[in-house]
Structure formats: C-alpha cells, structure tokens
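Chemist: A predicted structure for the sequence below; I have some questions about it.
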Amino acid sequence: MKILFTGCSSYIGKYLIKEFLKTSNTIYGLSRKNPGIKNKKFKWFKHDLSNKPFKNVKKIDIIIHIAGAALRKENKYDDYLKGNIFMAHNLGLTARYCSTKIIFYTSTREIYGDISSNILSENNDIINPIFYGQTKFIAEQILSSNCKTISLRLPAVLGKGTHGWISGVLKGMIEGKKINFINSKFNNFIHVSDLYNIISSFIKKKLFFTDQFNVSCSNISTSKKVLSIMKKNLNSKSKLNELKKNEKTYTISNKKLSKYCKTMTVENSIKMFLTEESK
C-alpha cells in the first residue's frame, strides 16, 4: 500500500510514519523541513501544499493529512488561510490526480466554537468558532468534496515533543513548582499512539467513507486524578493547589468512534506519555 503523509516533520507525523513503516507500506512524506527518517521504504519530498498540488507520484492509496496552520499566537489570518484552506484545496487536487481511496484529516474540536453542553458530541451545533476553527471546518468540506475523507476532530495529542497544558504541568513538576488547578471531569486528550491505532484500524478493515469523529480518551477521569498520577510517577515534590473556582468545562463523547476503534483510558495515556518523556 502506498501512503502519503503531509506534515511529516512534525512530532505526530514522524511518530505515525515510523509506525506505518513497521508494516509493508511504501511511505511518501511532504514537508518543508526534512524529517530525517532513514528507511528504504520512505521517500521525502520538499513541497509546500499551500502553493500547489503534489504530482510527483501517480498512484497514492491513502493520504494522511497532518500539515496545516496550528493554533498559535504567532499565526495570523493569512497563515490559517494558506495553511488550512489553500492546502486542503491543493491536497484535494492531489488526491484526484493520484486516484486516492481515502484521506484521513487531523482536524480539531475547535471547529465547534462555544460549547455550552457538558458533553461534546458530533451533534453539537457550531457556534461562533474562532477563525482557526472556521478554516479547519472549511478544510474538511474541501477535502471531502474531492475524495472520501475521515476527519478526526482532535483534542490535545500527547507525545514526545508535544506542547500544551499537560506538558507545561510536566515541566513544572520536574522543577518542583506549585501546580494550581481547577478540579473538573477530564478526558480531553489522547496519546499519539491512539491516533495510529484509529487510522490503522480503518485501513485494515477497509472502511473508506466520508465522516467526522470526535476523539478523546475512552473514559472520564478528573484533572485532580491526572495530576496525582503525574506527581506519583515523577516522584515530584510539587504541591497541588486546588483552586475553588466555578469554571464551565465539558468532556468529549467518543461513542461514535468507539464503534470502530476504542482509545486508551485517561490513566494509561498519561502513564505512556510519562514513560516516553523519561527516556
């Protein structure tokens, strides 16, 4: 099977490519920066999809689309337009040219905007999303209009090299700093290995259709329990300081996705992340 990855120099891209290379796949990777992956079954192309389609390979079975403009303070409106919408347009043309069977797109929960319910499901209305979320949603529509597309609306993805709240807490605990937190129900992340399991499960079962799935851990825990697990595993001297504030939070329903693939628990995802970071 021939698989094309975009964003292959990102930590998610490199992780997924290395996992898919363990099976008999031919992998092509697109990015502006060389991922440094050395394997005879992998070929890297320096290519910017926001400028033009990729037509160096005539036949691609699967496209796994990771590249795009992430939600960062330094990104401007033009970055999101080029990195998400323009890139989706050119990738759609690439899929047509290469007779691709399906695209797996790493979308985001940010497409929903304001979430007033306690549980986020695929049935939630889209209400006032930020511009980043709007461009990711439009990208979903562009891709699915050109090729069968499974859009995985991701929360935070943990892995070696990741950024975000949990990574920040990890650094603070290693340094023994006080950790302030609000205790709430919590399942709004996954480990990067689950992303591989989800995509490979659809491929192995040849489930090639267009749909959208919210992604999260398989169970619901609490932020206090997550922090306690981290503190214990790191043998950290950090003090956990629970703030008494009322804050609107929500968990993510993975009921729809679980019919096809079950993700790890909150506890196992955190422990795997900590194990990787300790190496």
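Modeler: Here it is on my side, so go on. Numbers count the residues shown, from 1 in each chain.
Chemist: So, low pLDDT: which residues of the stretch 51-200 of the chain?
Modeler: Residues of the stretch 51-200 of the chain meeting the criterion pLDDT under 70: none.
Chemist: if you go through it in chain order, where are the strands?
Modeler: Per DSSP state E, counting those that start in this stretch, the stretch 51-200 of the chain carries strands over the ranges 62-65, 102-108, 119-120, 149-154, 156-158, 179-181, 185-186, 189-191.
Chemist: got the ones you listed as TSV, with mean neighbour count and distance to residue 46 columns?
Modeler: Yep, even glycine has a C-beta here, placed from its N, CA and C like the rest. Below are the strands of the stretch 51-200 of the chain laid out as TSV (neighbours: other CB atoms under 10 Å; distance: least, CB to CB, whole Å):
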stretch	mean neighbour count	distance to residue 46
strand 62-65	26	17
strand 102-108	25	21
strand 119-120	16	38
strand 149-154	24	25
strand 156-158	19	25
strand 179-181	15	42
strand 185-186	16	40
strand 189-191	25	30
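Chemist: Could you dump the ones you listed into JSON lines and include distance to residue 83?
Modeler: Below are the strands of the stretch 51-200 of the chain laid out as JSON lines (distance: least, CB to CB, whole Å):
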{"stretch": "strand 62-65", "distance to residue 83": "12"}
{"stretch": "strand 102-108", "distance to residue 83": "13"}
{"stretch": "strand 119-120", "distance to residue 83": "24"}
{"stretch": "strand 149-154", "distance to residue 83": "16"}
{"stretch": "strand 156-158", "distance to residue 83": "17"}
{"stretch": "strand 179-181", "distance to residue 83": "32"}
{"stretch": "strand 185-186", "distance to residue 83": "29"}
{"stretch": "strand 189-191", "distance to residue 83": "22"}
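Chemist: which strands and helices sit next to the longest helix anywhere in the chain?
Modeler: Counting residues, the longest helix in the chain under DSSP state H turns out to be helix 131-146. Contacts defined by 3 or more CB pairs under 8 Å, 6 or more residues apart in numbering; DSSP states H and E place helix 131-146 against helix 77-80, helix 87-97, strand 102-108, strand 149-154.
Chemist: Buried residues, stretch 112-128. List them.
Modeler: Residues of stretch 112-128 classed as buried: 112, 113, 115, 120, 124 (neighbour count, 16 or more other CB atoms under 10 Å).
Chemist: quick one: which of these is nearest to residue 86?
Modeler: residue 113 (22.2 Å; CB to CB).
Chemist: What segments of this protein are helices?
Modeler: With DSSP H as the definition, the chain shows helices at residue ranges 11-20, 77-80, 87-97, 131-146, 165-174, 192-204, 223-234, 266-277.
Chemist: Quick one, which of these gets closest to residue 45.
Modeler: Closest of the helices of the chain to residue 45 is helix 87-97, at 11.4 Å (criterion: CB to CB).
Chemist: What are the buried residues along the closest one?
Modeler: Neighbour counts over helix 87-97 (16+ other CB under 10 Å) mark 87, 88, 89, 90, 91, 92, 93, 94, 95 as buried.
Chemist: Go ahead and name everything in contact with stretch 198-216.
Modeler: With contacts defined as CB atoms under 8 Å, 6 or more residues apart in numbering, stretch 198-216 is touched by 1, 16, 19-20, 62, 64, 101-102, 104, 107, 109, 120-122, 140, 144, 148-155, 187-190, 194-195, 251-254, 256-257, 260-261, 263.
Chemist: So what's the gap between it and the chain middle?
Modeler: Put simply, stretch 198-216 sits 14 Å off its chain's centre (CA atoms, centre = their mean, to the nearest Å).
Chemist: try stretch 2-22
Modeler: Per CA atoms, centre = their mean, the displacement of stretch 2-22 from the mean C-alpha position of its chain is 12 Å.
Chemist: State the mean pLDDT of that stretch.
Modeler: The pLDDT scores in stretch 2-22 average 95.
Chemist: end-to-end on that stretch?
Modeler: End-to-end distance for stretch 2-22: 14 Å, by CA to CA, to the nearest Å.
Chemist: ok so, going back, got the contact list for the longest helix of the chain?
Modeler: 65, 68-69, 71, 75, 77, 80-81, 83-85, 87-89, 91-93, 95-96, 103, 105, 107-108, 110-113, 126, 129, 149, 151, 210, 212.
Chemist: All set now, cheers.
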